[in-house]
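Asker: Here's a sequence, model it:
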Amino acid sequence: MASPRVHRESDSSIDRPSERREAVTPEPFPVDILRPVIGGIAPQVDGGKRPARAAVGDLLRVEADAFIDGHDLMSCAVRFRHDDDAGWSSVKMESLFNDRWRAHLPINRLGRYRFKVRASVDRYSTWRRDLRARTAAGQDVSEEYLVGAELLHEAARRAKAGDRRELVAMAEELRALALRVAKSGARADQGGNAAALFESIYSERVSDLMNTLTEASRTVNSETYFVSVDPAKARFSTWYELFPRSTGTGAHVHGTFADVESRLDYVESMGFDVLYLPPIHPIGRTGRKGLNGAVVAEPNDPGSPWAIGADDGGHTAIHPQLGTLDDFRHLVRSAHSRGIDVALDLAFQTSPDHPWVHEHPDWFHHLPGGSIRYAENPPKRYEDIYPLNFEGFEWRSLWFELLEVVRYWIAQGVSVFRVDNPHTKPFAFWEWLIASIKGERPDVIFLAEAFTRPRVMEQLAKIGFSQSYTYFTWRSTKWEIESYLRELTTSPVADYFRPNFWPNTPDILTDELQHGGRTAFLSRLVLAATLSANYGIYGPTFELQEHVARFSGSEEYLDSEKYEIRSWDLTNKQSLAKVIALVNQIRRDHPALQFNDTLTFHHVDNEQLIAYSKTRVGETGDDVIVVVVNLDHGYPQTGWLDLDAQALGLKADARYVMHDLLTDARFEWSGTHNFVKLDPHGVPCHIFALESPTTDGTN
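Answerer: Okay, the predicted model is just below:
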């Protein structure tokens, strides 16, 4: 079979006008030739669909790629305003490398900010740069003076009265100078008034003024992005969890709000500023769990606080043995007077005895036989808990009722909530509820207790949760900790996800704490408190080093407070309370530990030693903290530590003092390569403050 013939047109046939009559007509010319290009803006969440997160007192880092064609210089700024502001403010961006720009925005109010990046062709700076080069080359620059005068005159037409007079005066001086240089043929632009003129021309103040007066045709603005601002406590907080019913004055004596109030001095002495209480509501009888989670309860077993609701009421009622609403309000006021917020648990589920079960049966999941389905995590069944149906026929009334629950407790003085298992409820519900509350009270904080898949945890943060529990609880090796913290602090996740580190919870007693002894509790405390600006402990189990599991391989506590009333000896000499107080004092004294954005890991030639730093620039000097932790709870470990000099602001050959804030010892170090040794039988951690060298030879 013959091959098919393929007709190939010659280049000449393609170029013939007769073949080009149907070519597409070019688009009209743009009204303005906008040369700057802007992209890669950070922070942005879901392409700007949702706001990034910040807290009062932050300096929000904004970065962008911005560039133009040709060799002209350009300028970039971030324009921003709070929703309550009438006009925009501006912060100049600095050029980093490879056309990347950065600025820091001062965040000082709750609510919402919006920002956009502004890029301009900087004709004035380009002229100054070229003028320097031509002058250095010995060229005649009289015409360049006239070019500069025109630029100043153009800007003056857009300036306010005072600035206009200054720019016109500079322009006229440049014109006069150009004439003198052209006439004399000599360097008439040196000395005298000319020196003062050039000092103004090259000043940063005049450069910034000229940037603000750039004509619109040479300026491009990016899309607008948003930042949601929480209170400072959303960024830096120290949580302590206790069960109110275990604060009684004797064994098996049910505690009251008055007993909790008597515990406030103890909580304050350890330096905690959030006191988190598990559910304080009436507990159901039907399906009540017994000691250690037994399926059948004895008559005097108190049940799980998370089985909410009984004849005494539901989510806006108080367990009668805890006291009255007035007692609770008094506790909240007393805590506030000490700088402590009382945080409540939002557990949106019920016991079978909750009033809603009878008043609103459509709020629950029903089986084909008509009964309500228990909460389940197959094969586990929670016979004492009914989950709510957020997608049922009456979902609107349920959602509004839950919103009213939150509003009710806010009215009682609560502004911090720990939310139980939010990942088992619809994202849309939380986004709606949190936006509704934040619109009324932007100071409210929501902590997501969501030990679930990473993308789900991240989505909860995107839709409004202020803080989140994390996988830190189970991260124990050097590689696990470093890789996880880099993800939390240097990836785009950091734009919206605020970690809150907990070494233990009522549900989680890790294998490390079960078998690592006192050293494990100390090292996990220091890691949680210094790696994250937000952290918490479940006490008194933590400071008293409760470590016995319900059975081998379990993370459940033996004799768990979830199912019984416990009595704690807070005077126990083995308590870590004083160490906890010291660590929390260090956190308060050192701003570097109140942020996560400067966390840097440093190399140690021993996998059992982990080292990292945090820094903060302040008006009274830089705060530099370096932490070294022994991850081996049984044996001493040594190693050579190589510090990242740039991250710490050190010169490679610097001499300085490392002040161990845990032991008050001081060590004179030099350079970036130094030896460390940590013994788990003593203090298995260093929290160093970098100080200037001493003059008395202390080491």
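
Asker: Just checking, which helix or strand of the protein averages the lowest pLDDT?
Answerer: helix 11-15 (a mean of 40; mean pLDDT, DSSP states H and E).

Asker: Now do the buried residues in stretch 129-142.
Answerer: For stretch 129-142, the buried set under the neighbour-count rule, 16 or more other Cβ atoms under 10 Å, comprises 130-131, 141-142. C-beta here means a position set from N, CA and C on the backbone, and glycine is covered the same way.

Asker: Kindly report the same for stretch 568-581.
Answerer: Buried, per 16+ other Cβ under 10 Å, within stretch 568-581: 568, 575-577, 579-581.

Asker: The longest helix seen in the chain packs against which elements?
Answerer: Identified as the longest helix of the chain according to DSSP state H is helix 161-184. Using 3 or more Cβ pairs under 8 Å, 6 or more residues apart in numbering; DSSP states H and E as the contact criterion, the elements in contact with helix 161-184 are helix 142-156, helix 192-201, helix 204-212.

Asker: what's that helix in contact with?
Answerer: Defining contact as Cβ atoms under 8 Å, 6 or more residues apart in numbering, one finds that helix 161-184 is touched by 140-143, 145-146, 148-150, 152-153, 155-157, 159, 187-189, 193-194, 197, 200-201, 206, 209, 213.

Asker: Could I get the full set of helices for the stretch 301-450 of the chain?
Answerer: For the stretch 301-450 of the chain, applying DSSP state H, counting those that start in this stretch gives helices covering 325-337, 355-359, 395-411, 427-440.

Asker: mind giving me a markdown table with the ones you listed and columns for mean neighbour count?
Answerer: A markdown table is the format used below for these (neighbours: other Cβ atoms under 10 Å):
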| stretch | mean neighbour count |
| --- | --- |
| helix 325-337 | 16 |
| helix 355-359 | 14 |
| helix 395-411 | 16 |
| helix 427-440 | 16 |
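
Asker: closest to Arg655 out of those?
Answerer: helix 325-337 (46.4 Å; Cβ to Cβ).

Asker: ok, and the closest non-adjacent residue to the residue nearest the centre of the chain?
Answerer: Nearest to the mean C-alpha position of the chain, by Cα atoms, centre = their mean, lies Arg498 at 4.0 Å. Closest residue in space to Arg498, ignoring its immediate chain neighbours: Gln467 at 4.7 Å, by Cβ to Cβ, 6 or more residues apart in numbering.

Asker: distance of that neighbour from Asp163?
Answerer: 46 Å (Cβ to Cβ, to the nearest Å).

Asker: From the opening residue of stretch 461-471 to its closing one, how far?
Answerer: End-to-end distance for stretch 461-471: 15 Å, by Cα to Cα, to the nearest Å.

Asker: Give me the buried positions along that stretch.
Answerer: 461-470.

Asker: What lies in contact with that stretch?
Answerer: Counting by Cβ under 8 Å, 6+ apart, 45-46, 50, 53, 228, 230, 234, 237, 419, 422, 427, 430-431, 434-435, 438, 445-451, 457, 460, 484, 488, 496-502, 505, 532, 534 sit against stretch 461-471.

Asker: partner residues bridging the residue lying closest to Glu691 once chain neighbours are set aside?
Answerer: Leaving aside its chain neighbours, Glu691 sits nearest to Val657 (4.4 Å; criterion: Cβ to Cβ, 6+ apart). Bridge pairing for Val657 (DSSP bridges) gives the partners Glu668, Glu691.

Asker: thought Val657 was touching Asn674?
Answerer: No - assessed by Cβ atoms under 8 Å, Val657 is found out of contact with Asn674, at 11.8 Å.

Asker: quick one on the thing from earlier: most tightly surrounded among the helices and strands packed on helix 161-184?
Answerer: Highest mean neighbour count among the helices and strands packed on helix 161-184 (mean count of other Cβ atoms under 10 Å): helix 142-156, with a mean of 19.

Asker: so what secondary structure elements neighbour that one?
Answerer: helix 123-136, helix 161-184, helix 204-212.

Asker: between the last one and helix 192-201, how many degrees?
Answerer: Pointing back at helix 204-212 there. 60 degrees (axes from the mean of the first three to the mean of the last three Cα atoms, to 10 degrees).

Asker: ok, for Ile41, nearest residue in space, not its chain neighbours?
Answerer: Counting by Cβ to Cβ, 6+ apart, Ile41 lies nearest to Ala64, which is 4.6 Å off, once chain neighbours are set aside.

Asker: Please tell me I have it right and the one you found contacts Glu223.
Answerer: No - contact status for Ala64 versus Glu223: not in contact, 11.1 Å apart, counting by Cβ under 8 Å.

Asker: and for these two, which residues touch both?
Answerer: Ile41.

Asker: Look at the two and report which has more neighbours.
Answerer: Ala64 (22 against 11; other Cβ atoms under 10 Å).

Asker: measure that one to Arg666 for me?
Answerer: Taking Cβ to Cβ, one finds Ala64 at 44 Å from Arg666.

Asker: Also Ser200?
Answerer: Taken as Cβ to Cβ, the span from Ser200 to Arg666 is 50 Å.

Asker: now do Tyr266
Answerer: 32 Å.

Asker: what do you get for Thr530?
Answerer: From Thr530 to Arg666 the distance is 19 Å (Cβ to Cβ).

Asker: more neighbours, these two?
Answerer: The neighbour comparison of Thr530 against Arg666 (other Cβ under 10 Å) goes to Thr530, with 26 against 15.

Asker: Is it correct that the more buried one falls within a helix?
Answerer: Yes - assessed with DSSP: H, G, I helix; E, B strand; the rest coil, Thr530 lies in a helix.

Asker: contacting residues around it?
Answerer: So Thr530 contacts 583, 587, 593, 612, 614, 625, 627, 687 (Cβ under 8 Å, 6+ apart).

Asker: On the strand side of things, show who Val91 bridges to.
Answerer: Assigned bridge partners for Val91, using DSSP bridges, are Val78.

Asker: per-residue pLDDT, it?
Answerer: Val91 is assigned 94 on the pLDDT scale.

Asker: how many other residues sit next to it?
Answerer: The tally of other residues near Val91 (other Cβ under 10 Å) stands at 18.

Asker: what's the answer for the one 3 residues further on, then?
Answerer: Close neighbours of Glu94, defined as other Cβ under 10 Å, add up to 11.

Asker: now Ser670
Answerer: Ser670 has 12 nearby residues by other Cβ under 10 Å.

Asker: thinking again about what came up before, which one of the helices and strands packed on helix 161-184 lies closest to Gly309?
Answerer: Among the helices and strands packed on helix 161-184, helix 204-212 sits nearest to Gly309 (Cβ to Cβ), with 61.2 Å.

Asker: Next one: the nearest residue to Thr219 once chain neighbours are set aside from Arg114, what distance?
Answerer: Spatial nearest neighbour of Thr219, excluding adjacent residues (Cβ to Cβ, 6+ apart): Ser120 at 4.5 Å. To Arg114, Ser120 is 20 Å away according to Cβ to Cβ.

Asker: Give me the more crowded residue out of those two.
Answerer: A count of neighbours by other Cβ under 10 Å puts Ser120 above the other of Ser120 and Arg114, at 24 against 16.

Asker: Can you name the residues bridging to the more buried one?
Answerer: Ser75, Thr219.

Asker: That's all I had, so thanks and see you.
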